[in-house]
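Q: what's the 3D shape of this:
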Amino acid sequence: MRIKPKKVMQLLLLFLVQFFYSNRDAYSQGEPEEAFPSMSVTAFFNLQADHQRQRLYSAVMHRLQLFDNIAYSTNNVVFNPHQNLSMFPEKGPFTVPVATEPPKHMNKYYSVKRLNDSYHKQIRQVWPYIPKLGSNLVEQSEFSYDAPQDIYQRMKLVQEDKQALITPFAVIAPYEDWVNQEDRLAYWGSGTTKTRGVYFISDSAQALERLISYSENSQTPNELINPGKINDVETIALTFRSELPRQTGRRGTLTVHFDPQRQFLPVAYRLERTENRAGVFEVRWFEAMLLLDAVKQQGHWFPSRFQWLQSGGVPTSDRLVTAYDVNVESIAFDSVSQDELAFKFPAGIDVTDNIRGVSFTADGKGGAQGDIQGIPYWNLTYLRVCLRRYFPKLVIPVSIAGLLFIGWCMRRHRPLTDIEHAA
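A: Residues are numbered from 1 along each chain as shown. Sure thing, here's the model as predicted:
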């Protein structure tokens, strides 16, 4: 049987097409297409002003949505740099101390899983070496929040080397009644800036919303979008006021730099809050971040290493400065399920439930072993929970009803006027 050359060429072309398409599909599974398109700085500023704002706002909101379902782990070195960092981050990164044994600086390890507002967080803190104790403390903690049930839980599991210093314990309480130790990467997501720690991307989204709300295209004094530059990287610099409700006397200016060529990835920010003292504005709070490395994960550009610092003034070599060198060791999007956030206290740990007002010893299965005891009402934490729970629902309505009743009684017993007698 003779095969025509034309038929052979058709079969060969069909094979090559299938081969190339199969390779393209395999590659796309490992490296998905960009979830949000990138562009050059020049192309961005060639857009009209209102289109610039909309484009940057869409990119910022897309980045915040990454934290709706995310799992990551970070390794943080915490120290006082003793360097003049008044020009950070514009002049580049600061020097990180060399790791020693025993450690001279604090190390924090975070493992976080977040699903919308619910999360499960594990923290391991290695404290600096303490000569008086002859060792360094290693502390492990676990935090959890179940958003559908509105229940927060935390526990301190291990105090290595010197276990007698701090007894392991566990607490169930509303959010307001315990301090959540946020990792630095969490501030790249949604949140409300309070006193310390700036949710700079979330604040940027609010600033852009205000900017978009203006009907005219002209820039306003409070929010500005200008070309910028950080370590030879051309950026888009968004500058806006950053004020706190409880610190009305301090004026804050926050500038966030975005790299549009990497899906508008934030590469730096700098916050300064000044206060008027004797007619002179002094920097009373300084906070800044600089991105050092980034990776493309599941089609999203994301930080893999960044530096962050915070100071009660301009960060000079003689001032107390808190500096973080953060390495993101793992990252995954859309991989967390509600079952992975399940939280059970280990067997034998003492639990104080400030919501139900009881204390017990956990059995490791989500229940209690032994007797369940009530918490005395003079326990300040439990008393605060009771007041917050019942005051708005009971005390306020009763007080209003009491005032109305007193007013009704006063009107009933007051003497009638001449006009009312005549009537």
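Q: show me where the stretch 151-300 of the chain has its helices.
A: For the stretch 151-300 of the chain, helices defined by DSSP state H, counting those that start in this stretch occupy the ranges 200-213.
Q: so where do the strands sit in it?
A: Chain-ordered strands for the stretch 151-300 of the chain, with DSSP state E, counting those that start in this stretch as the definition, fall at 151-160, 169-173, 223-230, 233-241, 250-259, 265-277, 280-297, 300-311.
Q: among those, which comes closest to residue 92?
A: Counting by Cβ to Cβ, residue 92 lies closest to strand 280-297 out of the strands of the stretch 151-300 of the chain; the figure is 7.6 Å. Yep, even glycine has a C-beta here, placed from its N, CA and C like the rest.
Q: could you list the buried residues of that closest one?
A: 283-292, 294, 297 (16 or more other Cβ atoms under 10 Å).
Q: what does stretch 60-80 give?
A: Neighbour counts over stretch 60-80 (16+ other Cβ under 10 Å) mark 60-61, 63-64, 66-67, 69-74, 76-80 as buried.
Q: mark which of the residues you listed are part of helices, please.
A: Assignment to helices by DSSP state H places the following of these there: 60-61, 63-64.
Q: avg pLDDT for stretch 149-162?
A: Stretch 149-162 carries an average pLDDT of 72.
Q: do stretch 311-328 as well
A: In this model, stretch 311-328 has an average pLDDT of 92.
Q: got the end-to-end distance for it?
A: Distance between the two ends of stretch 311-328: 23 Å, counting by Cα to Cα, to the nearest Å.
Q: residues touching it, excluding its own?
A: Contacts with stretch 311-328, where a contact means Cβ atoms under 8 Å, 6 or more residues apart in numbering, come from 72-86, 88, 94, 96, 184-185, 282-287, 302-310.
Q: just stretch 267-278 next, same as before
A: Residues contacting stretch 267-278 (Cβ under 8 Å, 6+ apart): 88-90, 198, 200, 230, 233, 235, 242, 247, 249-259, 281-291.
Q: ditto for stretch 232-247
A: With Cβ under 8 Å, 6+ apart as the contact definition, stretch 232-247 has outside contacts at 40-41, 44-45, 56, 193-195, 198, 203-204, 207-208, 210-211, 222-229, 250-261, 264, 267-268, 271, 273.
Q: which stretches of the stretch 151-300 of the chain have low pLDDT?
A: Per-residue confidence for the stretch 151-300 of the chain (pLDDT under 70) gives these ranges: 158-167, 175-181, 194-196, 215-221, 245-249.
Q: before we move on, the earlier item: make a markdown table from the ones in helices among the buried residues of stretch 60-80 and add pLDDT to it.
A: Formatted as a markdown table, those follow (pLDDT from 0 to 100):
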| residue | pLDDT |
| --- | --- |
| 60 | 96 |
| 61 | 96 |
| 63 | 95 |
| 64 | 95 |
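Q: is the nearest residue to residue 45 once chain neighbours are set aside in a bridge, and if so with what?
A: In space, and not counting its chain neighbours, residue 45 is closest to residue 227: 6.4 Å by Cβ to Cβ, 6 or more residues apart in numbering. In this structure, residue 227 has beta-bridge partners residue 236, where bridges are defined by DSSP bridges.
Q: burial measure for residue 227, as a count.
A: Residue crowding around residue 227 was assessed by other Cβ atoms under 10 Å; the count is 12.
Q: surely it and residue 41 touch.
A: Yes. A contact is recorded between residue 227 and residue 41 when judged using Cβ atoms under 8 Å, the distance being 6.3 Å.
Q: where does residue 149 sit: helix, strand or coil?
A: Counting by DSSP: H, G, I helix; E, B strand; the rest coil, the backbone at residue 149 sits in coil.
Q: actually residue 336, not the one I wrote
A: Secondary structure for residue 336, judged by three-state DSSP, is coil.
Q: okay, stretch 57-75 in PDB with CA atoms only?
A: Taking Å, rounded to 0.1, in the frame of the first residue of the first chain, the C-alpha atoms of stretch 57-75 are listed here in PDB:
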ATOM      1  CA  TYR A  57      -7.100  51.200  42.400                       C
ATOM      2  CA  SER A  58      -8.000  47.900  40.600                       C
ATOM      3  CA  ALA A  59      -4.400  46.600  41.100                       C
ATOM      4  CA  VAL A  60      -4.500  47.500  44.800                       C
ATOM      5  CA  MET A  61      -7.900  45.800  45.300                       C
ATOM      6  CA  HIS A  62      -6.700  42.700  43.400                       C
ATOM      7  CA  ARG A  63      -3.700  42.500  45.700                       C
ATOM      8  CA  LEU A  64      -5.900  42.700  48.800                       C
ATOM      9  CA  GLN A  65      -8.000  39.900  47.500                       C
ATOM     10  CA  LEU A  66      -5.000  37.600  47.600                       C
ATOM     11  CA  PHE A  67      -5.300  37.500  51.400                       C
ATOM     12  CA  ASP A  68      -8.900  36.100  51.200                       C
ATOM     13  CA  ASN A  69      -7.400  32.600  50.900                       C
ATOM     14  CA  ILE A  70      -3.700  32.400  51.600                       C
ATOM     15  CA  ALA A  71      -1.200  30.200  53.400                       C
ATOM     16  CA  TYR A  72       2.400  31.300  54.100                       C
ATOM     17  CA  SER A  73       5.300  31.000  56.500                       C
ATOM     18  CA  THR A  74       7.900  33.700  57.300                       C
ATOM     19  CA  ASN A  75      11.200  33.900  59.100                       C
END
